[in-house]
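Asker: Just need the structure, nothing else, for what follows:
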Amino acid sequence: MTKVQRFFILVSALAATIACSETKERSRDGDTDAVGDTDVAGGDAGPARRCAGTHSTIRVDGAQAFLPLVEHPTRCLLYGADVTTGSIHFIDTDNDSVHTVTALGSAPTDITLSADLLYLYVALPGQVSIAVVDAFDGTVTDSVTTSVPPYRVARAPGHRVFYVEEEVFTSIHLVNLNTGVDEELTPTTLHEPDLAASADGSVLFVGEANRPGTRLIRYNTVGGLTEVDV
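Answerer: Residues are numbered from 1 along each chain as shown. Below is the predicted model:
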């Protein structure tokens, strides 16, 4: 791989394992998004797509590195966060193409899908904010300032997102993206954590790193953040 503005991303192995289920028609303001959707005609949704495309590679011009690369669970879409160019590439794995590139103006360090699968939440530590991006057309619908620079993010129930900053020891924050309220939910005792959440955001997993006796902590998130004894 060179540092020219072009490279190939090998996605065939991943795409071959993605079995997109029949997707629901998405309607917003009377519009239906067609990217990665199964055509609907006369009430017949037709066969479900497997998002495998027809080529072993997908050309992605103008990007240098995707970290992370996130899959939409019901659409034939991958989202690649390019920290070098400060953008997100929307990759259609059914048609082997990039259909949208969203410039963010700052380097994204993490992305997660909202619990309703309609939005991307993007950590932008350089702007001390979390961007809200439409998961289908790439429009930046909002940008919410956080109390500390967000580094890793995970969905929460509703229009909310958990995040941690990039520090040796840090705490879990919860941002309400409707109101902008940012709550610190734990003491600053988590060691270089990463975050993951269940599909509906009702369970949060926090994994510590680079520490003897590293833990994977599970929290229930409904009605507050409660560590689960296992």
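Asker: From Val122, how far off is Ser97?
Answerer: 22 Å (CB to CB, to the nearest Å). Backbone N, C-alpha and C define where each C-beta goes, glycine included.
Asker: Please name the bridge partners of the spatially most central residue of the chain.
Answerer: Closest residue to the average C-alpha location of the chain: Thr112 at 2.3 Å, with CA atoms, centre = their mean. Thr112 has these beta-bridge partners by DSSP bridges: Tyr121.
Asker: Model confidence at it, what's the number?
Answerer: Among the per-residue scores, Thr112 holds a pLDDT of 98.
Asker: so how many other residues sit close to the residue lying closest to Thr54 once chain neighbours are set aside?
Answerer: Excluding the flanking residues, the one nearest Thr54 by CB to CB, 6 or more residues apart in numbering is Asp96, at 6.3 Å. Under the neighbour criterion other CB atoms under 10 Å, Asp96 is assigned a count of 18.
Asker: show me what contacts Asp96?
Answerer: Applying CB atoms under 8 Å, 6 or more residues apart in numbering, we find Asp96 in contact with Gly53, Thr54, His55, Ile58.
Asker: Ser97 and Val122: who's more crowded?
Answerer: Between Ser97 and Val122, counted using other CB under 10 Å, Val122 has the larger neighbour count: 26 against 15.
Asker: Return the distance of the more buried one relative to Pro149.
Answerer: Look at Val122 and Pro149: by CB to CB, they are 13 Å apart.
Asker: Distance-wise, check Thr84 relative to Ala115.
Answerer: Distance, Thr84 to Ala115, by CB to CB: 30 Å.
Asker: Which one's more surrounded, those two?
Answerer: Using other CB under 10 Å, the more surrounded residue of Thr84 and Ala115 is Ala115, with 20 against 13.
Asker: before we move on, the earlier item: in contact with the residue nearest to the centre of the chain, which residues?
Answerer: Counting by CB under 8 Å, 6+ apart, Thr112 makes contact with Val70, Leu120, Tyr121, Val153, Ala154, Arg155, Val161, Ala197.
Asker: so where is the chain shaky, pLDDT-wise?
Answerer: Residue ranges of the chain with pLDDT under 70: 1-49, 230.
Asker: Mind doing that once more with 50?
Answerer: The chain contains residues with pLDDT under 50 at 1-46.
Asker: can you pull out the helices in this protein?
Answerer: 12-17 (DSSP state H).
Asker: How many neighbouring residues does Arg215 have?
Answerer: 12.
Asker: That one contacts Glu208, correct?
Answerer: Yes. Using CB atoms under 8 Å, Arg215 is in contact with Glu208, at 5.5 Å.
Asker: on that earlier part again, would JSON lines of the contacts of Thr112 with neighbour count be doable?
Answerer: Compiled in JSON lines, these are given as follows (neighbours: other CB atoms under 10 Å):
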{"residue": "Val70", "neighbour count": "18"}
{"residue": "Leu120", "neighbour count": "27"}
{"residue": "Tyr121", "neighbour count": "28"}
{"residue": "Val153", "neighbour count": "25"}
{"residue": "Ala154", "neighbour count": "23"}
{"residue": "Arg155", "neighbour count": "27"}
{"residue": "Val161", "neighbour count": "29"}
{"residue": "Ala197", "neighbour count": "23"}
